[in-house]
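1. return atomic coordinates for the entry below.
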Amino acid sequence: MYPTDIRGRHSRGGGLVGLFLLVLLVAIFYVGGEWYVTQHVKTALGEILHQDMEQELVVESVGMDGWLFSGRRTGDAVVVLSSGERVPVEFTMIGNPLAGSTITVEGDERLKLRLRGILGDLL
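-> Model (predicted):
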């Protein structure tokens with residue numbers, strides 16, 4: 001028996017297990033990164049929209065297009081007003097939370113949310 005035969009047998013199974021663990025680790029980091037970005041966007045949108053509103057609001061959910069390392073991502077968020085009404089809001093995020101990001105909500109989206117907050121009781 002040659003020493004190379006013994007080494008070859010052990011490295012075949014180890015390579016497959018190592019590849020599986022590497023793919024699993026990358027998937028875990030990607031899902032964790034997406035969760036972190038979503039939490040960052042929820043917090044930032046809540047602060048941005050609270051500046052325009054007199055009443056309390058909660059950002060219920062956030063959906064974004066693109067992938068984790070995109071430089072520019074657009075998305076939709078569902079904002080729940082204190083009256084219980086759910087209002088969709090479109091936003092744009094440039095950058096990422098680690099290096100610095102800018103989240104913008106268009107003026108007409110802010111106006112729509114403000115009007116829903118003011119006239120929501122009358123409707």
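
2. and the contacts of stretch 91-99?
-> Applying C-beta atoms under 8 Å, 6 or more residues apart in numbering, the external contacts of stretch 91-99 come out as 36-37, 40-41, 45, 64, 69, 71-77, 101-105, 109. Just so you know, the C-beta spots here come from the backbone N, C-alpha and C atoms, and that holds for glycine as well.

3. any idea which helix is longest in this structure?
-> helix 3-52 (DSSP state H).

4. tell me the contacts of Glu90?
-> Here Glu90 is in contact with Thr74, Gly75, Asp76, Ala77, Val105, Glu106, Glu109 (C-beta under 8 Å, 6+ apart).

5. sorry, back to before: give me the buried subset of the contacts of stretch 91-99.
-> Val37, His40, Val41, Leu45, Met64, Arg73, Gly75, Ala77, Ser101, Ile103, Val105, Glu109 (16 or more other C-beta atoms under 10 Å).

6. circling back: only the buried residues of the following helix or strand past the longest helix of the chain, if you could.
-> For helix 3-52, the following helix or strand on the C-terminal side (DSSP states H and E) is strand 57-64. Neighbour-count burial for strand 57-64 flags Leu57, Val59, Val62, Met64 (criterion: 16+ other C-beta under 10 Å).

7. any idea of the mean pLDDT in stretch 51-71?
-> With pLDDT averaged residue by residue, stretch 51-71 scores 83.

8. neighbours around Val31, how many?
-> When neighbours are defined as other C-beta atoms under 10 Å, Val31 has 11 of them.
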